[in-house]
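Participant: With the sequence up front, the predicted model follows.
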Amino acid sequence: DVKVTQSSRYLVKRTGEKVFLECVQDMDHENMFWYRQDPGLGLRLIYFSYDVKMKEKGDIPEGYSVSREKKERFSLILESASTNQTSMYLCASSLFRFGANVLTFGAGSRLTVL
Amino acid sequence: AQTVTQSQPEMSVQEAETVTLSCTYDTSENNYYLFWYKQPPSRQMILVIRQEAYKQQNATENRFSVNFQKAAKSFSLKISDSQLGDTAMYFCAFMKLGNDMRFGAGTRLTVKP
């Protein structure tokens, strides 16, 4: 089975800190995604990537950046964390660029910004 | 942009009974895919069922089936013979051919013994 691993399950950071959320997939998937999950809002797409060094903005990219230097790794970066970025962050991957690709999700990283 | 609406924030059902979760979406695309994902408490999101828009036949996976009404842009999930393990958040999702997926706000389903 495809595995998507998020490096930290729980993080607590202070306002203004730089935060890295790491995601690794082990099945050579082309596509990787970062979502944010908030109660009543569902999952909102932050950024996604179809290939190494490529990135596309999702619906809520403000305050975030991403990095994909290797195919298996997709990092989400909060340059200066703010309290409104307290949330659950979900990483996902899928096999191909087109088609009915199923997303495989990681376990999530719950970030609290104080 | 495509939007996905789940109008039922919470639902409950007795064990062994049937429940239907609603989902509507808005798109100008003709070819797309629809999904239902399940997120059990403190566990990973997993796929329940998917439907290709070009297929008229409704998808079925064991106790889970969908009612896909393309003209009405409706995609409901029916769970038959509900089990305690079905307790979870259920998310409806839409994906156009460009492969970026959009989700609804979710429905929290509780199966009661």
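Facilitator: Arrived safely. Residues are numbered from 1 along each chain as shown, chains lettered A, B, ... in the order given.

Participant: going forward, measure contacts between C-alpha atoms and count neighbours the same way
Facilitator: Will do.

Participant: Share the number of residues neighbouring the residue nearest to residue A:49 when sequence neighbours are not counted, please.
Facilitator: Of all residues not flanking residue A:49 in the chain, residue A:55 sits nearest, at 4.4 Å (C-alpha to C-alpha, 6 or more residues apart in numbering or on different chains). By other C-alpha atoms under 10 Å in any protein chain shown, 19 other residues sit near residue A:55.

Participant: quick one: the residue sitting nearest the centre point of chain B and residue A:110, what's the gap?
Facilitator: Nearest to the geometric centre of chain B sits residue B:36, at 3.4 Å (C-alpha atoms, centre = their mean). The spacing between residue B:36 and residue A:110, counted by C-alpha to C-alpha, to the nearest Å, is 23 Å.

Participant: and if you look at residue B:3?
Facilitator: Going from residue B:3 to residue A:110 by C-alpha to C-alpha gives 25 Å.

Participant: More neighbours: which of the two?
Facilitator: Under the criterion of other C-alpha under 10 Å, the comparison of residue B:3 against residue A:110 puts residue A:110 first, with 17 against 13.

Participant: Residue A:85 is in contact with that one, correct?
Facilitator: No. Residue A:110 sits out of contact with residue A:85 when judged by C-alpha atoms under 8 Å, with a separation of 10.4 Å.

Participant: residue contacts, residue 21?
Facilitator: Just going to use chain A. The contact partners of residue A:21, by C-alpha atoms under 8 Å, 6 or more residues apart in numbering or on different chains, come to A:6, A:7, A:8, A:75, A:76, A:77, A:109.

Participant: switch to chain B, that's the one I care about
Facilitator: Residue B:21 makes contact with B:8, B:76, B:77, B:78, B:107, according to C-alpha under 8 Å, 6+ apart.

Participant: For residue A:27, the count of nearby residues, please.
Facilitator: Look at residue A:27: counted by other C-alpha under 10 Å, it has 15 neighbours.

Participant: Go ahead and confirm it touches residue A:71.
Facilitator: No. The pair residue A:27 / residue A:71 is not scored as a contact, 9.9 Å apart, by C-alpha under 8 Å.

Participant: Based on its surroundings, how many neighbours for whichever residue of chain B sits closest to chain A?
Facilitator: Closest to chain A within chain B is residue B:105: 3.6 Å, counting by C-alpha to the nearest C-alpha. By the criterion of other C-alpha under 10 Å, residue B:105 has 25 neighbours.

Participant: Excluding sequence neighbours, find me the nearest residue to it.
Facilitator: The shortest distance from residue B:105 to any non-neighbouring residue, by C-alpha to C-alpha, 6+ apart, is to residue A:42 (3.6 Å).

Participant: who are the neighbours in contact with that neighbour?
Facilitator: Here residue A:42 is in contact with B:91, B:103, B:104, B:105, B:106 (criterion: C-alpha under 8 Å, 6+ apart).

Participant: Now with 7 Å, please.
Facilitator: B:103, B:104, B:105, B:106 (C-alpha atoms under 7 Å, 6 or more residues apart in numbering or on different chains).

Participant: How about residue B:106?
Facilitator: Taking C-alpha under 7 Å, 6+ apart as the test, what residue B:106 contacts is A:42, B:6, B:9, B:89, B:90, B:91, B:92.

Participant: Give me the pLDDT for it.
Facilitator: What the model reports as pLDDT for residue B:106 is 96.

Participant: re the thing from before, in strands, which of the contacts of residue A:42 appear?
Facilitator: Judged by DSSP state E, strands contain the following of those: residue B:103.

Participant: Let's have the contacts of residue A:42 in a markdown table, adding distance to residue A:48.
Facilitator: Listed next are the contacts of residue A:42 as a markdown table, based on distance: C-alpha to C-alpha, whole Å:
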| residue | distance to residue A:48 |
| --- | --- |
| B:103 | 15 |
| B:104 | 18 |
| B:105 | 20 |
| B:106 | 21 |
